[in-house]
Every structure is written in C-alpha cells, then in structure tokens.
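Enquirer: Make a model of this:
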Amino acid sequence: MSLTQLILLSLRFLRRDWRQGGLGVLFGSLFIAVTATATVGFFTDRLAQAMEIEAQSLIGADLVITSPVPLDDNWKAEAEQRHLDRDVVIEFPSMVALGDVMELAALKMVSEGYPHRGELLLQNTLETEPYTSAHAPEPGTVWVERRLLERLDAKIGDMLEVGTAELQISALILQEPDRTAGGFFAMNPRVLMSTEDREKTGLIVPGSRVNYRYLHSGAPEEVHDFRQWAASELAASQRILDLDEDQPGVARALERAKEFLGLATVATVILAGIAVAMSARHYAQRHYQTSAILRCLGASQSQVGQIFLLQIFITGIAASIAGLIVGYLLHGGLLLILQSFLPEVIPAPTYASWLVGLGTGMLILAGFSFPPILQVRGISPLRVLRKELGPVPVSSWVTVSLAMLCVVILAVYHSQSAVVAIVFFASMGVLSFFCMLGALVLTTLAISWRHIMPRPLSTGIASLARHRRIAVLQAIAFAMGISAMAIVVLIRTDLVGTWQAQVPADAPNHFAINIESERLSQFQQFLQDQGIETAPVYPMINGRLQMINNIPIRQAIPDMAQGENVLRRGLNLTWTDELPDSNLLIDGKWMGAVSTPGDAALSVEESLMQRLGLEMGDRISFVIADQEVTGAITSVREVDWNTFQPNFYVILDPESMQDVMAPYMTSFFLSTGQSGVSRSLIKEFPAVTLIETSLILQQVQDIITQVSMAVEYVLVFVLLAGVVLLYATVQSSSAQRMHENALLRSFGASRRFLQRSTIGEFSLVGGIAAILSIVITEVAAWGIYTHALGIPWQPNILTWVTLMPLAVIFTTAAGLWATRTILNKSPVSLLRDGT
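Expert: Alright, predicted model coming up:
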C-alpha cells in the first residue's frame with residue numbers, strides 16, 4: 001500500500017468516524033487543554049515582552065541610586081567628572097486637595113532632565129492627541145493621571161493644593177516610564193511636579209519618610225566605572241537599583257497570578273489528558289474489527305498503525321489549531337481583568353507562544369493517546385472470526401509513565417519551577433488519594449441504601465454500582481474542579497470582609513506620619529480641640545538590618561528568610577518606656593538589662609523572631625540615619641495588628657535613642673461627619689502625611705479581586721475539562737450502557753424511566769462530588785486562614801448551601817447530555833448496537 005493510499009484511507013476513516021462521533025471527545029479534550037494553555041501562554045508571553053521592553057526604561061536611566069536621604073555633593077562631583085547626566089526623583093505619598101475634596105496621591109518631584117530613558121506620554125486635554133515629553137513639568141504646574149481628575153472632579157487648568165502650594169494642572173499623564181518603581185503607594189494616582197517647587201510645598205522636613213532616586217546616564221564605559229565607584233561608597237541604607245531584586249507589590253501580584261494560572265492550566269491538562277486517554281482507548285476498541293479486516297486484506301501491522309495514528313494526528317492538529325485561535329481570542333479577557341496592573345503598551349504574542357500551544361496539544365496526544373492506538377495494529381486477523389481475540393496489551397507501566405512524563409514536562413514549564421511542580425504533584429497525589437477513599441466510602445453507602453430508595457433512583461444506584469470505578473473518577477474530577485473554583489471565590493469574597501469584620505467599629509481609620517517633633521504638641525492640641533482622641537504618639541525612623549551577632553545579616557538568617565522585605569526596605573523602629581496596649585509580652589523582661597555595655601534593649605515581635613530565626617539575647621545591629629545602633633533582644637511580644645494602632649516589629653529603649661531626631665506618628669478615628677477635619681489638619685500641618693486605612697483596604701481588595709478573577713477565568717477550563725472527562729467516561733462504557741438499556745427497554749421500561757434512572761445516577765455522582773468539594777474547600781480555607789493569613793477560621797455555611805445544589809445540578813446536566821444519544825435510541829437500535 002503506497003503512502004498516498006494510506007493517507008486517502010486514513011482521511012476516509014476519519015470522515016466516517018467524525019460523522020459517527022467517535023473522535024468528538026478526543027477532539028474536545030485536546031481543544032480545551034490547548035485553549036487553556038494558549039490563553040495563559042499568550043497572556044504571559046505578552047506580559048513578559050512588555051516587562052522586558054519596559055525594563056529598558058523602567059528605572060528611567062542607565063543607573064539609579066536609591067537613598068532615604070539626599071546624597072552628598074561628592075556623588076554629584078563624581079558623576080560630573082565622568083560626564084554623566086544626573087537628575088533626582090523624590091517620591092512619597094501625600095494628600096492633595098481641590099476645594100473640599102482630598103485624595104491620597106503618589107507625589108513625585110523630578111528635576112529638569114527627567115526622564116533619561118523611556119518617554120512620558122501626555123495629553124493636554126481629554127480630546128487632544130497624546131504627545132511625548134522628555135523634560136519635567138514647568139515650575140508652578142503639575143501633571144496628573146486621569147483618575148485623579150475623576151476623583152477630584154477636576155479639569156485641566158484647575159489649581160491643585162499640594163501642601164502649602166497651589167499648582168496648576170497643565171497635562172494628563174498617559175504613560176510614565178518608571179511608574180512601577182515606587183512600591184505599594186505608587187498605586188495611588190500620580191502627581192508629577194518640578195523639584196523647584198519643593199520648598200514651596202513645605203512637605204519635606206528633616207526626618208520625613210521619602211525616597212530619593214538619583215538618575216545617571218551616559219557612555220556605557222563611564223556608567224560602568226561609576227557603578228563600580230558607587231558600589232564601594234554605598235551606605236547600608238543606599239543601593240543601586242536592581243529590577244530583579246526590587247519587585248514592587250503590583251509585580252508580585254502579577255507573578256503570583258502567573259503561577260496560579262500556570263498551575264490551573266496544568267490541572268486542566270491532567271483532566272483533559274485522562275479524557276484523551278479514555279476516548280483514545282474507546283476509539284481503539286471500536287476499531288479492533290476494522291484492524292482485523294485490514295490485516296485480512298493484506299495490510300501489515302505497520303500500515304495499520306500508520307492509518308490510525310494518522311487519523312489521531314490530524315484530529316490533534318485540528319483541535320490544537322482551533323484551541324490556539326480560541327485561546328488567542330480569550331486571552332484578551334485576562335488582559336482586561338488585569339489591565340490596571342499592566343503596562344500601557346503590550347506587544348503582540350511571539351511565534352513561540354503559538355508553538356507552545358501547538359506543542360502542548362501534540363505532547364498530550366502522544367502521551368495519552370498513542371499507547372492504546374498502537375494496540376490496534378497488533379490485532380490478529382483471526383478476530384474477524386473470533387471477536388473475543390484482542391490485542392497484546394501494552395504494559396500499564398509504560399502507559400502511565402509516558403502520560404506522567406508529558407504532564408511533568410508541562411507542569412515544570414508552566415510553573416517555571418521544578419520545586420513548585422513537585423509540590424503541586426505531591427498535593428494532587430495526596431488530594432486524589434483521599435478523594436478516592438472518600439468517593440469509595442460514599443458510593444458504598446449509597447449502594448447500601450439502595451433498597452430504601454424510589455425505583456428510578458434505586459435503578460440509578462444499581463447503575464452506579466455497575467460503573468463504580470468510573471463514578472469514582474467522575475466524582476473526583478468534578479470535586480477538584482468545583483473546589484478549586486470555590487476556594488478562589490471564597491478568598492476573594494471573604495478575605496477582606498473577614499479582616500474588616502475583626503476591626504472594631506471605632507478603630508483608628510487615619511494614620512498621621514511625618515509629624516515634626518517641634519510641632520508635635522501643636523498637632524496634639526489641634527486634634528484635642530476638635531474632640532478627637534488619638535492613639536499614643538511614637539517617634540518613627542527607618543532602620544536597616546546590618547548584622548546579627550556580628551554576622552552579616554544575609555549570612556545569619558535562614559535560607560527561607562532571604563526574600564524578606566525587611567532586608568531590602570528596613571524596619572520602622574520606635575522607642576518607648578511603656579508596653580503598647582495592643583502588645584502582649586510573651587517572653588523576657590520589658591526593656592531588661594543587656595550584657596554588653598552600650599547596647600540598646602530590644603523588644604521584637606514574635607513572628608519576626610520566627611522568620612529570621614532569632615533567639616533571646618541575640619545582638620542585632622541596625623543602620624539608622626547612617627549611624628550604627630546595636631541592641632540585644634530582651635523581650636518578645638505578640639502584636640494584635642487588627643487594632644490599627646501604631647505597631648512596630650522592633651521597639652528600642654529610649655535611653656539608647658536620645659540623640660536621634662525622628663518625626664512622630666499616631667493614628668485616630670474620624671467619623672464620616674468629620675471629613676473637614678482632615679483637610680484643616682493638612683492645611684495647618686502640610687508636612688504631615690495623612691493615610692486613610694480605607695484606601696489601603698481598597699487597594700488590597702482590588703489586588704485580591706482582580707488576581708482571583710483572573711484565576712477563576714482559567715479555572716472555568718478545569719470545569720470544562722471535568723465535563724469532557726465525564727463524557728469520556730460515559731462513552732467508554734457506552735457499549736455496556738446500551739446493552740443494559742436494551743434489556744430494560746425490552747422488559748418494558750419507558751424512556752422516561754431510563755431518564756429518571758440516569759438522573760438518579762448522576763445526581764449521586766454530583767452529591768458525592770459536592771461533599772468532597774465542600775470538605776476540600778473547608779480544609780483548604782482553614783489552612784489558608786490559620787497558617788497563611790493568621791486570622792480565625794470558621795465553617796462557611798454558605799459554602800455548604802451553595803456547592804451542594806450547584807454540583808448536583810451541574811453534574812446531572814452534564815451526565816444527561818453525555819448519555820442523550822443512548823437514551824434517545826429505540827430498543828431495536830439498542831439491541832443491534834449493544835450486542
């Protein structure tokens with residue numbers, strides 16, 4: 001048989017099998033797996049490209065030095081000596097106002113040459129064309145983001161109050177090259193202004209918490225030399241900006257989203273792969289007779305194998321291409337959900353992402369479908385006469401190993417981490433084991449109660465008993481998909497609500513920081529005159545961890561603590577004689593004696609002790625305002641962070657900090673009727689930064705909502721894969737089901753009776769899946785709440801009330817759809833096809 005004849009025969013068989021529905025499940029399984037992979041793949045590919053492009057301008061210069069204090073003049077002289085362009089960026093959160101409306105803004109002061117790299121995209125009015133700018137705003141003007149105009153109900157040309165200055169809004173910011181370099185508070189609406197207006201605002205005073213970034217650009221060799229010089233001159237609180245080391249909160253949220261999306265894709269691939277394997281096995285069994293006839297007609301084993309492999313290959317290519325097209329269309333939904341986190345310009349996906357999607361389809365096809373298809377070629381020609389003859393079975397170890405290898409490759413690729421992939425598989429394995437035990441127990445109970453059930457339901461239970469292994473697989477697949485969705489929804493809807501519910505109604509809802517020490521008494525008197533009670537007032541200054549027991553901090557702490565934010569950004573420190581009300585001493589003595597003269601007494605928060613591997617008596621060195629301060633741990637505290645009182649990880653004894661000048665901070669509660677107080681306070685004390693906790697809560701809620709919505713978006717594919725798997729399991733037992741239904745119809749059973757029996761069977765499968773998913777969801781919620789988030793857990797009754805009917809209805813509907821062909825057949829057709 002020539003190659004052309006093989007191809008033509010394969011295409012003829014393919015057309016026949018497609019019309020008969022023999023390849024539909026295999027096509028659908030691959031289609032869903034590739035669609036899920038492509039949707040996530042296109043999204044992550046475009047995001048990676050955008051980040052790579054932005055990385056060239058993300059810091060706004062060739063080299064950036066960050067510092068909490070202004071750099072000395074020798075830095076400027078060194079840059080000028082190397083003929084480098086040099087500019088400064090000063091960032092901090094501050095309240096701005098227009099009339100009686102106030103808003104917390106991400107204030108950014110820049111010198112004339114900003115930005116060195118990248119472009120500022122501006123717009124003079126909402127109707128005019130955007131344009132680029134390579135310089136700072138003119139003195140007396142500000143550029144703002146559109147959302148600030150919307151929140152303040154402002155327009156171009158209005159005068160914006162920034163501290164004690166009134167500056168004119170002259171342009172809208174559409175794109176900013178270094179937008180994500182400012183950390184969490186950079187998520188607030190941007191206000192960009194000239195450093196020449198710095199003194200006019202009165203916002204920056206000694207001790208203010210601001211971030212200085214010094215931009216340097218020039219010839220590559222000069223930049224390299226300056227970098228080497230700067231590295232030797234850096235103080236502990238200063239550093240050369242490193243994009244990989246300093247991911248802001250938004251970038252971390254995106255990174256977590258990508259990880260979850262990747263793992264959700266792997267879960268989809270696993271379920272779809274099992275469906276592919278089952279449908280391929282069913283397809284192969286249906287063609288045993290065809291293979292035997294071909295062998296009788298002179299076809300070799302190799303030619304028979306090529307005919308059927310070619311059919312599967314063409315089906316796989318078609319499903320993969322269709323999945324790629326739909327995935328490309330659907331990935332726009334992810335971009336839309338996460339648009340507030342993403343760069344303005346996102347390039348088109350590369351050819352590689354298309355190839356990955358296609359490769360995923362081919363890998364699943366090879367790993368899950370080839371073993372049963374290859375069995376077809378081993379059929380003996382004698383099967384034409386003796387139908388009981390089957391092929392030589394392929395070793396189950398070979399089949400399972402090939403499938404697992406494909407899944408491992410995909411898991412490592414999508415998670416970008418072998419460790420994460422191993423943990424994921426271990427978790428899936430443990431979860432599957434317990435789900436299988438639970439499903440077996442529940443099916444056993446259902447079967448034992450068969451005699452007390454109505455006849456249709458009793459018949460359904462009998463059918464479930466006959467297809468017990470398949471029913472267990474169906475229940476596990478749906479339980480995993482439903483519980484994954486439920487966990488994400490529960491966290492999204494319940495997390496922030498639970499947190500807020502634990503906060504007392506009169507808890508402080510405003511934090512005031514950067515209170516000048518010389519105006520502290522006036523500040524307190526102002527609030528007292530307004531009838532506002534404040535929390536205790538504390539000095540606050542940033543200290544960077546330097547050493548523990550005379551060992552450099554990076555060497556002294558455990559490996560798992562190397563990513564701690566406190567190592568990069570330092571700690572907010574305070575000093576006081578009295579133990580704060582929201583703190584509980586759990587070990588040691590408050591401000592106890594130290595063994596080394598000159599050391600400060602330190603009280604450290606319990607969780608920080610655990611994360612950094614600290615013990616009582618350890619000596620810790622901090623760099624505070626370029627001075628080294630060393631202290632010994634004399635006590636450990638448990639802190640109630642939900643009080644919204646000023647709380648600190650480390651508290652020092654006041655005697656050791658007598659010579660340190662620092663601004664103060666406190667918190668207080670303002671009712672809705674006292675909104676004018678905050679405006680008066682900012683006017684009276686322009687250097688004070690007032691932060692509303694409701695804004696922070698809203699930002700946290702936005703991140704949780706958008707990231708979880710993106711994960712839910714992809715988890716829909718997990719449920720669809722579960723539906724296809726259910727269809728595949730029904731199809732794999734279709735011959736047995738047709739035979740059973742044929743006998744029942746022959747004995748007088750009506751179509752309605754069979755339909756009710758089918759409803760009973762799949763309702764039980766749905767009920768078992770619901771119970772399993774409820775248990776999985778509650779156990780996962782308990783673990784996340786108590787161990788990851790540190791908040792009390794309690795059973796969510798709404799989960800029980802919602803999941804049970806939804807799972808039953810969803811599974812029953814899917815089961816009826818999967819068995820509709822069998823139910824609609826006449827008894828004669830059933831007897832002819834089922835025997």
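
Enquirer: count of residues packed around F669?
Expert: Counted with other Cβ atoms under 10 Å, the neighbours of F669 add up to 17. The way it works is simple: take the backbone N, C-alpha and C, and place the C-beta from them, glycine included.

Enquirer: Backbone dihedrals for it, please?
Expert: Backbone torsions for F669, taken as degrees, to the nearest 10, come to phi -110, psi 130.

Enquirer: and what of L192?
Expert: phi -110, psi 130.

Enquirer: For it, name its beta-bridge partners.
Expert: With DSSP bridges as the criterion, L192 is bridged to K108, W143.

Enquirer: Quick one: residues contacting it.
Expert: Contact analysis of L192 by Cβ atoms under 8 Å, 6 or more residues apart in numbering lists K108, V110, A136, P137, V142, W143, V144, I173, E176.

Enquirer: Report the helix or strand with the lowest average pLDDT across this structure.
Expert: Ranked by mean pLDDT, DSSP states H and E, the weakest helix or strand in the chain is helix 827-834, scoring a mean of 57.

Enquirer: where does the stretch 701-835 of the chain have low pLDDT?
Expert: 701-708, 710-711, 731-736, 784-785, 787-792, 822-835 (pLDDT under 70).

Enquirer: correction: the stretch 151-300 of the chain
Expert: Ranges of the stretch 151-300 of the chain meeting pLDDT under 70: 179-187, 207, 236-237, 242-261, 263.

Enquirer: need the strands for it, in chain order.
Expert: Taking DSSP state E, counting those that start in this stretch, the strands of the stretch 151-300 of the chain run over residues 159-162, 165-175, 190-194, 211-217, 239-240.

Enquirer: Name the stretch from those that approaches L47 most closely.
Expert: strand 165-175 (16.5 Å; Cβ to Cβ).

Enquirer: Packing partners of the closest one?
Expert: If contacts are counted by 3 or more Cβ pairs under 8 Å, 6 or more residues apart in numbering; DSSP states H and E, strand 165-175 sits against strand 120-123, strand 141-145, helix 146-152, strand 159-162, strand 190-194.

Enquirer: If I take that strand and strand 190-194, what angle do their directions form?
Expert: For strand 165-175 against strand 190-194, the angle by axes from the mean of the first three to the mean of the last three Cα atoms, to 10 degrees is 120 degrees.

Enquirer: roughly how far out does strand 165-175 sit from the chain middle?
Expert: 34 Å (Cα atoms, centre = their mean, to the nearest Å).

Enquirer: What residues sit buried inside it?
Expert: A165, L167, I169, S170, A171, L172, I173, L174, Q175 (16 or more other Cβ atoms under 10 Å).

Enquirer: could those be laid out in a markdown table, adding distance to L98?
Expert: Output for the buried residues of strand 165-175, formatted as a markdown table (distance: Cβ to Cβ, whole Å):
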| residue | distance to L98 |
| --- | --- |
| A165 | 13 |
| L167 | 11 |
| I169 | 9 |
| S170 | 14 |
| A171 | 16 |
| L172 | 15 |
| I173 | 17 |
| L174 | 21 |
| Q175 | 24 |
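
Enquirer: Closest one to M591 out of these, please.
Expert: Nearest member of those to M591, counting by Cβ to Cβ, is A165, at 42.8 Å.

Enquirer: Report the separation between that closest one and F370.
Expert: 72 Å (Cβ to Cβ, to the nearest Å).

Enquirer: returning to what we had before: among the strands of the stretch 151-300 of the chain, which comes closest to L149?
Expert: strand 165-175 (7.2 Å).

Enquirer: picking that back up, quick one: which of the buried residues of strand 165-175 is nearest G588?
Expert: For the buried residues of strand 165-175, the nearest to G588 is A165 (48.4 Å; Cβ to Cβ).

Enquirer: Does the closest one touch E196 like I think?
Expert: No. Contact criterion Cβ atoms under 8 Å: A165 and E196 do not qualify, at 11.0 Å.

Enquirer: possible to save the strands of the stretch 151-300 of the chain as TSV with distance to A439?
Expert: Formatted as TSV, those follow (distance: least, Cβ to Cβ, whole Å):
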stretch	distance to A439
strand 159-162	63
strand 165-175	53
strand 190-194	54
strand 211-217	55
strand 239-240	54
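
Enquirer: who wins for proximity to R820 among the ones you listed?
Expert: strand 165-175 (53.3 Å).

Enquirer: Alpha carbons of that closest one, as PDB, please.
Expert: Taking C-alpha atoms only, strand 165-175 is exported to PDB below (Å, rounded to 0.1, in the frame of the first residue of the first chain):
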ATOM      1  CA  ALA A 165       1.500  75.400  47.400                       C
ATOM      2  CA  GLU A 166      -1.200  75.800  44.800                       C
ATOM      3  CA  LEU A 167       0.000  74.400  41.500                       C
ATOM      4  CA  GLN A 168      -1.900  74.400  38.100                       C
ATOM      5  CA  ILE A 169      -2.900  71.100  36.500                       C
ATOM      6  CA  SER A 170      -1.400  71.500  33.000                       C
ATOM      7  CA  ALA A 171      -1.400  68.000  31.500                       C
ATOM      8  CA  LEU A 172      -2.600  64.400  31.900                       C
ATOM      9  CA  ILE A 173      -0.100  61.600  32.300                       C
ATOM     10  CA  LEU A 174      -0.900  58.700  30.000                       C
ATOM     11  CA  GLN A 175       2.300  56.700  30.400                       C
END
